[in-house]
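> Following is a predicted model, sequence given first.
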2 protein chains.
Amino acid sequence: MKSAILSVGTEILFGQITNTNTVYLSRKLNFMGIDVMYHETVGDNPERVKQVMRRMLSEVDLIITTGGLGPTQDDLTKEMAAEVMGCELRLHEESLEKIRGYFTRTGRVMSENNVKQAMLPVDDGIILPNNGGTAPGCIFEKNGKIIICLPGPPREMTKMFEESVDPYLRSKTSDVIYYRMLRIFGIGEGQLESMLENLITGQTDPTIATYAKEGEVSVRITSKRKTMEEAAAAVDKMAAEVGRIAGDAVYSYDDEDLKDVVAKKLIENNLSISCAESCTGGLFAGTLIGVDGISSVFERGLVTYSNRAKEEELGVSSETLEKFGAVSEETAREMTAGLKKKTGSRVCISVTGIAGPTGGTAEKPVGLVYICADFDGKTVCNEYRVRPVSRNWIRNYTVMLMLNMINKLI
Amino acid sequence: MKSAILSVGTEILFGQITNTNTVYLSRKLNFMGIDVMYHETVGDNPERVKQVMRRMLSEVDLIITTGGLGPTQDDLTKEMAAEVMGCELRLHEESLEKIRGYFTRTGRVMSENNVKQAMLPVDDGIILPNNGGTAPGCIFEKNGKIIICLPGPPREMTKMFEESVDPYLRSKTSDVIYYRMLRIFGIGEGQLESMLENLITGQTDPTIATYAKEGEVSVRITSKRKTMEEAAAAVDKMAAEVGRIAGDAVYSYDDEDLKDVVAKKLIENNLSISCAESCTGGLFAGTLIGVDGISSVFERGLVTYSNRAKEEELGVSSETLEKFGAVSEETAREMTAGLKKKTGSRVCISVTGIAGPTGGTAEKPVGLVYICADFDGKTVCNEYRVRPVSRNWIRNYTVMLMLNMINKLI
């Protein structure tokens, strides 16, 4: 099947937002063996949207659109798709109720504009519920051509794709595609590729592709076979092979986030955890607490950003702070010791570093980070020199380093 | 002048890279008053590239391409552009020398493939030196149509644009575009649209467009005039009008993030701040500390997730926790009071709520949040019912509510 992705939104043409939807959709479609021929972006202009849809349909079987499903007057993607496909839109009571429900639940008044969002291809289309926002999506299918309209906000779009579009499209493709995504931390993409070179080159099925993502690398192993069993067997065999080569840098064989892997371990083994953060400033606690159910083990987090806070909250000695500085192994050790003393949590981790962009020196450059973790008295303390890409990159990467340290320690 | 941006590269269609070049180019072109009609991405397929170029030229005056200037056989953008424009490419000695020099400087051997990169429109085009890499860019201009070919790597592309393309295009255009982005929190897009209906309908210049972003709404006001002064005046007048209608829900008239607005206020007025977080679990501190320079005012953050932590760290009474529960206005008030007592920070804010998906009840549903802020003894405490989209949506939105409360309090 050949496809094209159409992004609708003047704000994209103005360069006000980066279009990440096309990246997500392109990957998903390619996983399923659906060729992506074009990405195209047009503004909120009805005529142009129609014109592009007609042209695309002369070359591809499937168009996925994002954006233009909102309540405002210039949101017209759905209406144009209906025209192009020769389908009717009429009020879908169920969707309208759902939209009303959202507004009621959030104590807001539903504007009459929102009724427009419930105008859908009730008779000759498929309606895609939006469980992340108000705008439902929909699928138009006629004479072997398909247009799928999805909302623009990435969170809503991805949720809708996972829940409704993915199964719909799988039912359209004859071959079964099975893939696994391995998650790797601590090996760069280039290095990993050369380690896997023999596996990657000349591989037709399963195929192996690596993707670099903020500080980590994902390896996708995909097989396209006649049966799910065949595909799964081929992929699993290859996954084991990659695991043998990459070793314990592989933290997940099933595309789990490191935070979820660590949280699961903590919860399953009922290990209480507390943290003391300086440069990450609450980002570690915030990340871990993003996992549902963590409340059973997460005891306490301290953002001891100032020296005074380090002394008062954790009993770091002023001598240590003066002699070695706030960003030092000694301070990190005292932070963890103080945290252990205060909370008694079985897992205690602390971090201190220089996130920049200001505050770096020759001997203590931006990106210098000390992490100290204790698990039932077993203490690990490491120095890292994080690539000084940006303040937030350093902070996010440091959180990954902390999670990785705990994952290996417990 | 009307333009289109053509990205060439199969890797983009595979979703292997996020296309940031189009964002950069779109901003630059819009600021020069050049309308961007389309973004399009095609793979490294000569026929398709030519076909798209021809089609685009039937609608626009200018095409800017990125990618496909490399040394490999599937790098064909420049060749196709020459064919479409009916221009000749021949060896440009000067460029070849530069490329040779680049390899010598970086201690590598130049492959014969790289000669291809020096094939340029020497006679009837403009050659754009690449001071960040090997591939020169070029401009084809004929019969009022222009194709500008730029390299794909963002660093090389932006450098070349700044140095050569920007001045070239400025010499071509007369109009200027000026726009401002207002940021609004606390009013839904639909509701805002109806509030602004009279301003939006029938507006030709300045134009007003709204779009929703995670939990907030932006309003873009754009004017295209002969001089920057005229455009700016028209936009500012309209911005004031929107401000009058939306009131203090407008937190920025210049597209600043709420966290930056709040951080700037705190730093400029040297207001020390501390926070105590339950449901957001460090996300508020993590967000605020994402701003460089905040260290001068951020005193301390406490992630008091467990009841024990609330009692030990903040002196919340066990009676209160028992009688009203951890998620209650009373607890929030005691958290803030305890934080004030402990840190003496001029701004103290605390939050407790139910992020879900589990843990909700009939009278205390998922999304119920209490935020209590104190500024020099002036205390505000509010109850919110956040739309229960997802655990992380609730947490992120709650951080926005906290920032918004501080922004209005100080």
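Looks like it arrived, so ask away. Numbers count the residues shown, from 1 in each chain, chains lettered A, B, ... in the order given.

> Which residues of the stretch 51-200 of chain A lie near chain B?
A:55, A:70-74, A:102-103, A:105-114, A:132-134, A:152-153, A:155 (C-beta under 8 Å from any C-beta of the partner chain). Every residue, glycine included, has its C-beta placed from N, CA and C.

> Let me know the pLDDT of the nearest residue to residue A:35 once chain neighbours are set aside.
Spatial nearest neighbour of residue A:35, excluding adjacent residues (C-beta to C-beta, 6 or more residues apart in numbering or on different chains): residue A:2 at 5.1 Å. For residue A:2, the model assigns a pLDDT of 94.

> Go ahead and confirm residue A:2 touches residue A:60.
Yes: using C-beta atoms under 8 Å, residue A:2 is in contact with residue A:60, at 4.3 Å.

> re the thing from before, please list the members of the residues of the stretch 51-200 of chain A next to chain B that lie in helices.
Using DSSP state H, the subset of these located in helices is A:55, A:102-103, A:105, A:155.

> Tell me the buried residues within those.
A:102-103, A:155 (16 or more other C-beta atoms under 10 Å in any protein chain shown).

> Just name the closest of these to residue A:80, please.
Top of the list for closeness to residue A:80, among these and by C-beta to C-beta, is residue A:155 at 24.1 Å.

> From chain B, how far out is residue A:54?
Look at residue A:54 and chain B: by C-beta to the nearest C-beta, to the nearest Å, they are 13 Å apart.

> what's the nearest residue to that residue if we skip its chain neighbours?
Residue A:54 sits nearest to residue A:84 (C-beta to C-beta, 6+ apart), 5.8 Å away.

> What of residue A:220?
residue A:209 (4.8 Å).

> Which of the three states applies to the one you found?
Here residue A:209 takes the strand state, with states given by DSSP: H, G, I helix; E, B strand; the rest coil.

> Count the residues that sit near it.
19 (other C-beta atoms under 10 Å in any protein chain shown).

> Same check on residue A:160?
Burial of residue A:160 is recorded as 24 neighbouring residues (other C-beta under 10 Å).

> Tell me the pLDDT of it.
97.

> Return the backbone torsion pair for the residue most central in space within chain A.
Central residue of chain A (C-alpha atoms, centre = their mean): residue A:257, 8.4 Å from the mean position. Backbone torsions for residue A:257, taken as degrees, to the nearest 10, come to phi -70, psi 150.

> show me what contacts it?
Applying C-beta atoms under 8 Å, 6 or more residues apart in numbering or on different chains, one finds that residue A:257 lies in contact with residue A:183.

> can you put the buried ones among the ones in helices among the residues of the stretch 51-200 of chain A next to chain B in JSON lines and add distance to residue B:332 and pLDDT?
As requested, those are exported to JSON lines (distance: C-beta to C-beta, whole Å; pLDDT from 0 to 100):
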{"residue": "A:102", "distance to residue B:332": "26", "pLDDT": "83"}
{"residue": "A:103", "distance to residue B:332": "26", "pLDDT": "84"}
{"residue": "A:155", "distance to residue B:332": "28", "pLDDT": "89"}
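
> May I ask which helix or strand encompasses the residue nearest to residue A:54?
helix A:77-85 (DSSP states H and E).

> Contacts for that helix, please.
By C-beta under 8 Å, 6+ apart, helix A:77-85 touches A:8, A:46, A:49-50, A:53-54, A:57, A:63, A:65, A:67-69, A:87-89, A:119-121, A:138, A:140-142, A:145, A:147, A:149.

> Please name every helix or strand in contact with the helix or strand following it.
Tracing the chain C-terminally past helix A:77-85 and defining elements by DSSP H and E, one meets strand A:90-91 next. Counting contacts by 3 or more C-beta pairs under 8 Å, 6 or more residues apart in numbering or on different chains; DSSP states H and E, strand A:90-91 is packed against strand A:119-120.

> Just the buried ones from the residues of the stretch 51-200 of chain A next to chain B?
Here, 16+ other C-beta under 10 Å leaves A:70-72, A:74, A:102-103, A:108, A:110-111, A:113-114, A:132-134, A:152-153, A:155 buried among those.

> What is the neighbour count of the residue nearest to residue A:35?
Neighbour tally, residue A:2, other C-beta under 10 Å: 13.

> For residue B:194, see how far away it is.
41 Å (C-beta to C-beta, to the nearest Å).

> what does the helix or strand bottoming out on mean pLDDT in chain A contact?
The weakest-scoring helix or strand in chain A, judged by mean pLDDT, DSSP states H and E, is strand A:207-213 (a mean of 78). Strand A:207-213 has contacts (C-beta under 8 Å, 6+ apart) with A:188-189, A:192-193, A:196, A:199-200, A:217-223, A:238, A:242, B:16.
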